[in-house]
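*Asks:* Pasting a predicted model and its sequence here:
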Number of protein chains: 2
Amino acid sequence: MAIEGGAVSNKQVIFKDYVSGFPKESDMYLTTTSTKLKVPEGSKAVLVKNLYLSCDPYMRGRMSNLASEDPQFSPFQPGSPIYGFVVAKVVDSGHPEFKKGDLVWGIIGWEEYSLITEPERLFRIPYTDVPLSYYTGLLGMPGITAYFGLTDICSPKEGERVYVSAASGAVGQLVGQFAKLMGCYVVGSAGSKEKVELLKNKFGFDEAFNYKDEHDWNAALKRYFPEGIDIYYENVGGKMLDAVLINMRAHGRIAACGMISQYNLQQPEGVYNLTSIIYKRVRIQGFVAFDYFSQYSKFLDFVVPYIREGKITYVEDIAEGIESAPAALVGIFSGRNVGKQVVAIAHE
Amino acid sequence: MAIEGGAVSNKQVIFKDYVSGFPKESDMYLTTTSTKLKVPEGSKAVLVKNLYLSCDPYMRGRMSNLASEDPQFSPFQPGSPIYGFVVAKVVDSGHPEFKKGDLVWGIIGWEEYSLITEPERLFRIPYTDVPLSYYTGLLGMPGITAYFGLTDICSPKEGERVYVSAASGAVGQLVGQFAKLMGCYVVGSAGSKEKVELLKNKFGFDEAFNYKDEHDWNAALKRYFPEGIDIYYENVGGKMLDAVLINMRAHGRIAACGMISQYNLQQPEGVYNLTSIIYKRVRIQGFVAFDYFSQYSKFLDFVVPYIREGKITYVEDIAEGIESAPAALVGIFSGRNVGKQVVAIAHE
């Protein structure tokens, strides 16, 4: 909406204050400011219109006031906009490498328009024959996370047995499909019948189970992995990790991508079966996608041909309108989303 | 003692029955059988006189009746001799590659004389200008464990900060000395004032502390590692691992060699701080020395020159006589030993 002085109104999702326990919608609020659709005279900034906001579990970390030695994980500022991965379109540019109409993705504020002073940090969107929202998922940070976590951390070999938790989520659904393309046997777990159906019928997992229906996860894993697990792609942590540890095979690998079951607990769950990693020579490796961003083109070279051949599918859960952003973000911590949670705030 | 028919008496340490909780001396008993000092006619066996028995924490695992997929970790048989690493001298040989007087080390029964039907599994003792007992420690399995756990699993770089728990033990005292030779800053913990003095004054650790005097291990580690830990050589597990996890630096490495604090508990302690490995990209890698036995000569090439230059020292706690073996083995689980626990049953 145009307002006086050539500015437009700009809705923002503001972070209210630090959170303990599960985040609530009321931990955020919407406000409306105004933004000029021009970059400041002489600056090398770009002004973008934001299209799709990405809701990701790692964002929970930024809602706690915990000092981090790593600026990539610094907390949100109360009173300032939430920020995360966003797909956006350049409206105005003072930077020689960006021009009006360019499509980009990167870390951007949750608002309708953003002035970006360091546009070098943005990624250009290389293909537009896929939904643009995919750059928050399949072709964005979650895709990079799935691919390098699986390949670089776990080095899957044909015939190996792979278990993925939170398997219908933004990352899990890709880990399973990538592992199948690499010739592995793949089992996933998720939290509803609908999600389990997706894993088996849409993503091509060999087996899948609803962890909420299983009272003994150790027994469930033994049923699907009678000879043990070679690779565990860890998205959950806590009791699930404990059940996995006693089912790992010798020389097994665990890619510690996330532990969403632990993020909202006042006191994390204990993990009791770590001694088993010694004689089984198991490796547990934490990693973060940021470290692989410089290899984005390598990932695209792998994944884009498969997308064009129809061999990879991606399920998104798209909430419409910036007003729906707080509920969408909160929902991922209770598994309300089916597939990758996105918020569409404009479609072009 | 010679007995009729050309046989000699042969004392053995017999495993009584499977153990839960801390092992006790009464979980073993001595018995006397007789053994001919000749290998059976036409066999390729060797008959050895055992000199030094090695008491090692991993042996606790064999005292529990737990199925293991790995035959290297199968349980002891009730009613049969304990077995472990032993230094021995060949008394008679039917094998073309062994002759009377040869010195060897390997997995052998806890008895005065042993008939070994697969002598190919034994290692020859290459240097005799060091105490022969060193082949149960510095130049045996613990040395291999220390060296490859540090170098292969942790890849130490000059200036990195290394923490070793159970640091005065058979493995820990070597890890610290090897890390110092590689230019690292090294801190160790142990369970008595005497052991802490050894670490600082004999093994050349930069710092050392008595974990029994520290009520807050997190605070103790912060004191010695204000910038965090790059490498943790894990011998202890449980609460110590938890304190280490929150003090690890980004890209830190944990060599999971043993978790002696957990072996005798009915219910292991929980580890609560695993989520921190994700954003810190920490790697935790279980390993066993057996996997490196084929690289024994590589280890000797590294360590023997340092021994000859007097740059590596080794402290042993030698119990005299096979009758002392049960108490010596039991003692390592309460830290009664100072340095590597050995049982001398004959000196030549």
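*Replies:* The structure has been received and is ready for your questions.
*Asks:* Check which helix or strand residue A:30 maps to.
*Replies:* Here residue A:30 is covered by strand A:28-36, with elements defined by DSSP states H and E.
*Asks:* Now do the longest strand seen in chain A against strand A:28-36, angle only.
*Replies:* Taking DSSP state E as the criterion, chain A has its longest strand at strand A:83-93. Angle of strand A:83-93 versus strand A:28-36, following axes from the mean of the first three to the mean of the last three CA atoms, to 10 degrees, is 10 degrees.
*Asks:* what's the spacing between strand A:83-93 and its chain's center?
*Replies:* When distances are taken as CA atoms, centre = their mean, to the nearest Å, strand A:83-93 is centred 18 Å away from the chain's centroid.
*Asks:* For burial, what's the neighbour tally of residue A:46?
*Replies:* Neighbour count of residue A:46, defined by other CB atoms under 10 Å in any protein chain shown: 26. Glycine gets a C-beta too; all of them are placed from N, C-alpha and C.
*Asks:* Do you know the pLDDT at it?
*Replies:* pLDDT recorded at residue A:46 is 97.
*Asks:* quick revisit: the strand holding residue A:30 packs against which elements?
*Replies:* Under the contact criterion of 3 or more CB pairs under 8 Å, 6 or more residues apart in numbering or on different chains; DSSP states H and E, strand A:28-36 touches strand A:7-15, helix A:325-331.
*Asks:* who touches the first one?
*Replies:* Counting by CB atoms under 8 Å, 6 or more residues apart in numbering or on different chains, the neighbours of strand A:7-15 from elsewhere in the structure are A:1-3, A:27-37, A:63, A:76-82, A:109-113, A:322-323, A:325-326.
*Asks:* Go ahead and build a PyMOL selection from the buried members of those residues.
*Replies:* In PyMOL syntax, the buried subset of the contacts of strand A:7-15 is picked out as below (16 or more other CB atoms under 10 Å in any protein chain shown):
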select buried, chain A and resi 27+28+35+36+63+76+81+82+109+110+111+112+113+322+325+326
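*Asks:* ok so, going back, after the strand holding residue A:30, which helix or strand is next?
*Replies:* Defined by DSSP H and E, the subsequent element after strand A:28-36 is strand A:46-54.
*Asks:* neighbouring strands for that following strand, and are they parallel or not?
*Replies:* Its sheet considered, strand A:46-54 pairs with strand A:83-93 (antiparallel), strand A:113-116 (antiparallel), strand A:340-344 (antiparallel) by DSSP bridges.
*Asks:* quick one: the longest one to strand A:7-15, angle?
*Replies:* Here strand A:83-93 runs at 170 degrees with respect to strand A:7-15, directions being taken by the same axes, to 10 degrees.
*Asks:* how long is stretch A:265-274 end to end?
*Replies:* 21 Å (CA to CA, to the nearest Å).
*Asks:* can you give me how far it is from the chain middle?
*Replies:* Put simply, stretch A:265-274 sits 23 Å off its chain's centre (CA atoms, centre = their mean).
*Asks:* what do you get for stretch A:337-348?
*Replies:* Remark: stretch A:337-348 is offset 12 Å from the chain centroid, using CA atoms, centre = their mean.
*Asks:* Equivalent analysis for stretch A:148-158, please.
*Replies:* 18 Å.
*Asks:* Using CSV, write out every CA atom in it.
*Replies:* C-alpha atoms of stretch A:148-158 as CSV (Å, rounded to 0.1, in the frame of the first residue of the first chain):
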residue,chain,number,x,y,z
PHE,A,148,25.9,-32.8,2.8
GLY,A,149,24.8,-34.3,6.1
LEU,A,150,24.1,-37.6,4.2
THR,A,151,27.1,-37.6,1.8
ASP,A,152,29.9,-35.8,3.7
ILE,A,153,29.1,-37.0,7.2
CYS,A,154,27.8,-40.5,6.5
SER,A,155,29.3,-41.6,3.2
PRO,A,156,26.5,-44.0,2.3
LYS,A,157,27.3,-47.1,0.3
GLU,A,158,24.9,-49.1,-1.7
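*Asks:* All set, thanks.
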